[in-house]
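Novice: have a look at this prediction, sequence included:
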Amino acid sequence: MSESYQILSPDTVVDYVARNPKLAAVLPPGQIQHVREVGDGNLNLVFVLERADGPGMVLKQALPYVRLVGPDWPMTPDRAAKEAQAMRRHGALAPALVPRLYDYDAARYVIAMEDLSDHQVWRHALNRGERHEGAATDVGEYVARVAFGTSAFGMSADNQKAALAAAVNPQLCEITEDLVLTEPTRPTGRNSVLPANEPDARALIEDDATVREMGWLKWQFMTHTEALIHGDLHTGSVMVRQASDGRPRSTKIFDSEFAFYGPVGFDLGLAYANYVIAAARAFALGEDERAAWALSLLDETWTAFETTFRSLWPQVRDPRVFTERTLEDFLAKVAVDGIGYGAAEAMRRIVGLAKTADIETLPPELREGAARGVLLASRMMATTRHADPDARNVAQRAGDLLLTSRTR
Ligand code: SR1
Ligand code: MG
């Protein structure tokens with residue numbers, strides 16, 4: 001990759017803001033008190049620019065490589081343009097649930113957006129044992145608004161095709177096709193587990209029924225251009241704030257650089273998988289009631305998705321052929337897909353390259369059972385989804401497997 005552009009550092013961001021009138025109008029450089037680099041994702045630099053009295057601003061810069069691995073894994077920084085585009089589209093459809101975008105700098109691949117320092121990453125909050133009631137509902141509502149509003153159900157045919165073409169995101173899709181939809185069952189040298197979980201990882205590879213489902217899910221991911229999905233909607237892509245001091249609770253969904261036209265069930269599935277993983281952690285720590293709550297989030301997200309999508313249906317663009325029957329068929333497809341993509345995401349977070357703090361910060365003796373439980377749950381989800389995709393039933397079956405697998 002021959003990308004050459006100035007990479008920002010805490011020492012240069014104030015000058016960067018000063019040189020961009022749009023940014024300086026939002027946050028005058030003289031008011032910036034402190035700069036922190038807080039990126040804890042796998043790909044980018046993230047700077048929080050703090051101001052003394054009130055919210056500051058966030059600058060997110062795409063590196064020309066995968067941060068998790070380093071320059072040996074080059075990656076187009078143009079993913080930031082896809083993210084900015086998705087933020088605009090998603091923000092127009094679900095304004096309360098997407099951070100405000102102030103500017104996108106195409107020369108330096110920098111997104112300037114709303115400071116969410118009064119929120120916290122949902123995964124971190126879950127790992128601390130906090131419950132943010134309503135966040136799972138917000139996730140379902142966001143997926144529905146985006147799914148309807150960016151699909152052929154909610155857009156004119158010509159606008160939908162132009163949007164689809166503009167959102168093609170091959171390098172980021174390739175990451176998902178490899179890490180989520182191939183390598184859990186067909187490893188290429190990047191997988192790892194505790195020695196005690198090696199038989200579990202082997203059993204996954206040898207599970208022909210699950211491998212068959214992964215093939216179908218990967219093909220659908222590559223060909224079902226249903227809507228401009230988020231593409232990486234795990235609990236680390238959600239910021240949450242409790243209601244306090246007269247301020248309402250708030251949920252913001254960010255980090256949409258994997259956005260592309262893909263299957264709607266993929267977004268639901270990533271959320272489901274990370275709820276199952278949160279439940280595995282809670283069971284491992286002996287917090288069974290909180291684990292049951294985490295599992296109840298699957299149905300909460302699905303119900304919010306379904307309710308919101310149904311409420312938007314009267315606005316369908318072509319009611320001549322997109323009838324009530326189409327609505328039922330689409331919802332049925334998304335339900336089955338969601339559980340399938342949940343299976344793929346759950347297994348990849350156990351055996352694959354990019355794992356989760358939920359499981360990785362458990363002591364090894366507890367991690368063993370949590371990892372085994374998530375792998376068994378993911379195989380169950382992959383193979384039972386056609387017969388029974390009901391989110392509540394899936395959560396019940398997953399809970400049974402997590403509970404019987406825990407080691408403590
Ligand atoms: C190499 S990137 C690894 C993972 O980080 C992102 O958050 C996506 O989940 C991706 O699969
Ligand atoms: Mg991310």
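Specialist: Sure, I can see it. Ligands and ions are numbered 1, 2, ... in the order given.
Novice: helices of the stretch 151-300 of the chain, residue ranges please.
Specialist: 157-166, 170-179, 198-205, 208-223, 264-284, 288-312 (DSSP state H, counting those that start in this stretch).
Novice: what mean pLDDT does the first one have?
Specialist: In this model, helix 157-166 has an average pLDDT of 98.
Novice: that helix - contacts with which helices or strands?
Specialist: Judged by 3 or more Cβ pairs under 8 Å, 6 or more residues apart in numbering; DSSP states H and E, helix 157-166 is in contact with no other helix or strand. C-beta here means a position set from N, CA and C on the backbone, and glycine is covered the same way.
Novice: how about the strands in the stretch 1-150 of the chain?
Specialist: Using DSSP state E, counting those that start in this stretch, the strands assigned to the stretch 1-150 of the chain run over residues 32-37, 44-51, 57-62, 65-66, 70-74, 101-105, 110-114, 120-121.
Novice: quick one: buried residues of the longest helix along the chain?
Specialist: Across the chain, the longest stretch assigned as helix under DSSP state H is helix 324-351. Of all the residues in helix 324-351, those buried under the rule 16 or more other Cβ atoms under 10 Å are 327, 330-331, 333-335, 337-351.
Novice: quick one: closest of the strands of the stretch 1-150 of the chain to ligand 2.
Specialist: strand 44-51 (7.9 Å; Cβ to the ion).
Novice: most packed of the helices of the stretch 151-300 of the chain?
Specialist: helix 264-284 (a mean of 30; mean count of other Cβ atoms under 10 Å).
Novice: using CSV, list the CA coordinates for it.
Specialist: The C-alpha coordinates for helix 264-284 follow below in CSV (Å, rounded to 0.1, in the frame of the first residue of the first chain):
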residue,chain,number,x,y,z
VAL,A,264,-29.9,-7.4,8.0
GLY,A,265,-29.6,-10.5,10.2
PHE,A,266,-25.8,-9.9,10.4
ASP,A,267,-26.3,-6.9,12.6
LEU,A,268,-28.7,-8.6,14.9
GLY,A,269,-26.5,-11.7,15.1
LEU,A,270,-23.4,-9.7,16.2
ALA,A,271,-25.4,-8.2,19.1
TYR,A,272,-26.9,-11.7,20.0
ALA,A,273,-23.5,-13.3,20.1
ASN,A,274,-22.0,-10.7,22.4
TYR,A,275,-25.0,-11.0,24.7
VAL,A,276,-24.3,-14.8,24.9
ILE,A,277,-20.6,-14.0,25.6
ALA,A,278,-21.6,-11.5,28.4
ALA,A,279,-23.8,-14.3,29.8
ALA,A,280,-21.0,-16.8,29.7
ARG,A,281,-18.8,-14.4,31.7
ALA,A,282,-21.6,-13.8,34.3
PHE,A,283,-22.2,-17.6,34.7
ALA,A,284,-18.4,-18.1,35.1
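Novice: for the stretch 251-400 of the chain, what lies in contact range of ligand 1?
Specialist: By the rule Cβ under 6 Å from any ligand atom, the part of the stretch 251-400 of the chain lying against ligand 1 is Ala354.
Novice: what sits against Ala94?
Specialist: Shown in contact with Ala94 (Cβ atoms under 8 Å, 6 or more residues apart in numbering): 141-142, 145-146, 253.
Novice: per-residue confidence for it?
Specialist: 98.
Novice: out of the helices of the stretch 151-300 of the chain, nearest to Pro64?
Specialist: helix 170-179 (11.3 Å; Cβ to Cβ).
Novice: picking up where we left off before, and the longest helix of the chain, what does it pack against?
Specialist: helix 198-205, helix 208-223, helix 264-284, helix 288-312, helix 364-384, helix 391-405.
Novice: now render those as CSV, adding mean pLDDT.
Specialist: Shown next, in CSV, are the helices and strands packed on helix 324-351 (pLDDT from 0 to 100):
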stretch, mean pLDDT
helix 198-205, 98
helix 208-223, 98
helix 264-284, 99
helix 288-312, 99
helix 364-384, 98
helix 391-405, 98
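Novice: figure out which of these is closest to Pro21.
Specialist: Closest among these, using Cβ to Cβ: helix 264-284, at 35.7 Å.
Novice: now the stretch 201-350 of the chain against ligand 1: closest residue?
Specialist: Closest residue of the stretch 201-350 of the chain to ligand 1, Cβ to the nearest ligand atom: Asp232 (4.7 Å).
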